[in-house]
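Asker: okay, here's the prediction I keep looking at, along with the sequence it came from:
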Amino acid sequence: MRRNLWLLDLILFVAVVVTGFVLKQRWSETSRREQTLLKQIVPAVPPPAFPGIPGVNPITAANYMQTVQMMLFSRDRNPTVILDPPPPPPPPPQMPPLPVAYGVMDLGSGPTAILAEKPGAQHRGYKTGEMIGAFKILGMNNQEILFDWDGQPVKKTLEELAEKKSTIAVNNAPPENAAPAPPAATVISAPKGPGTDLGNETRACATGDTNPPGAIQDGMRKVVTKSPFGDVCRWEPVK
């Protein structure tokens, strides 16, 4: 019995020794592996590349020029000057009425036109180069007169320049029971003498001049000559 106990104790002792040896061997291997891992140098992994932060431009006043110039309630607040449109050109000047012509005569010193600025105005003789109102006489003949107005030539015939007299249409048939017209009064006028000065010491014959050719009045002699337009009457000084 005792012998079996000693054998059991011996087996247990051997088991304890073997277990301790195995544990000690495993602890040594674990310590050695731990030291090996601790002494091992792990290479550093480079960090991932991150995109760079975009640069910020410095603040300049020119970038805010439009903000400063423009205003919410005034759209025309800017350096652009809005000029007023040019005024329309003035209308071209209108030509005034042409003079009234009473004829053209030539006494040897060049043609002379008997003109008046307007109907009913006093008329007198005009030669080439003279002004009558706004018109300048450039030339004339027995049928036409050439004027200059505002740099424009104006050619008119004597018939076109003649004084236009208004005519009143009269009904030839007298109304019934109309009173007879009174007899026309006879007006006897004295002979008229020299009229408007024509230049060259000559005068025109006044309207209604009844003096015969060759009559002398106020130192002037009445002279009547023939022309394509009829008789030309004038007064010349007696020499």
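Answerer: Thanks, I have it.

Asker: you'd agree residue 122 is up against residue 204?
Answerer: No. Counting by Cβ atoms under 8 Å, residue 122 does not reach residue 204; the two are 10.5 Å apart. Backbone N, C-alpha and C define where each C-beta goes, glycine included.

Asker: any residues in contact with both of those two?
Answerer: Taking Cβ atoms under 8 Å, 6 or more residues apart in numbering as the criterion, residue 122 and residue 204 both touch residue 196.

Asker: the two - which one has more neighbours?
Answerer: residue 204 (23 against 8; other Cβ atoms under 10 Å).

Asker: packing partners of the one helix or strand that one maps to?
Answerer: Assigned by DSSP states H and E, residue 204 belongs to strand 202-205. For strand 202-205, the packing partners by 3 or more Cβ pairs under 8 Å, 6 or more residues apart in numbering; DSSP states H and E come out as strand 124-126, strand 194-199, strand 230-237.

Asker: which outside residues touch the longest one?
Answerer: Just to be clear, that refers to strand 230-237. For strand 230-237, contacts defined as Cβ under 8 Å, 6+ apart pick out 103, 105, 107, 193-195, 198, 201-205, 209, 217, 219-226.

Asker: direction included, what does that strand pair up with?
Answerer: For strand 230-237, the paired strands and their directions (DSSP bridges) read strand 202-205 (antiparallel), strand 220-227 (antiparallel).

Asker: do the first one as well
Answerer: Strand pairing for strand 124-126, determined by DSSP bridges: strand 111-116 (antiparallel).

Asker: between the strand it pairs with and strand 194-199, how big is the angle?
Answerer: Put simply, strand 111-116 runs at 130 degrees to strand 194-199, going by axes from the mean of the first three to the mean of the last three Cα atoms, to 10 degrees.

Asker: where does this structure dip in pLDDT?
Answerer: Where the chain drops to pLDDT under 70, the residues are 1, 68, 70-79, 165-192, 227-230.

Asker: which residues of it fall in strands?
Answerer: Under the criterion DSSP state E, strands of the chain are mapped to 100-106, 111-116, 124-126, 131-132, 135-140, 144-149, 152-157, 194-199, 202-205, 216-217, 220-227, 230-237.

Asker: between those strands, which gets nearest to residue 20?
Answerer: Nearest to residue 20, of all those, is strand 152-157, at 144.7 Å by Cβ to Cβ.

Asker: show me what that closest one is packed up against.
Answerer: Contact here means 3+ Cβ pairs under 8 Å, 6+ apart; on that basis strand 152-157 packs against strand 144-149.
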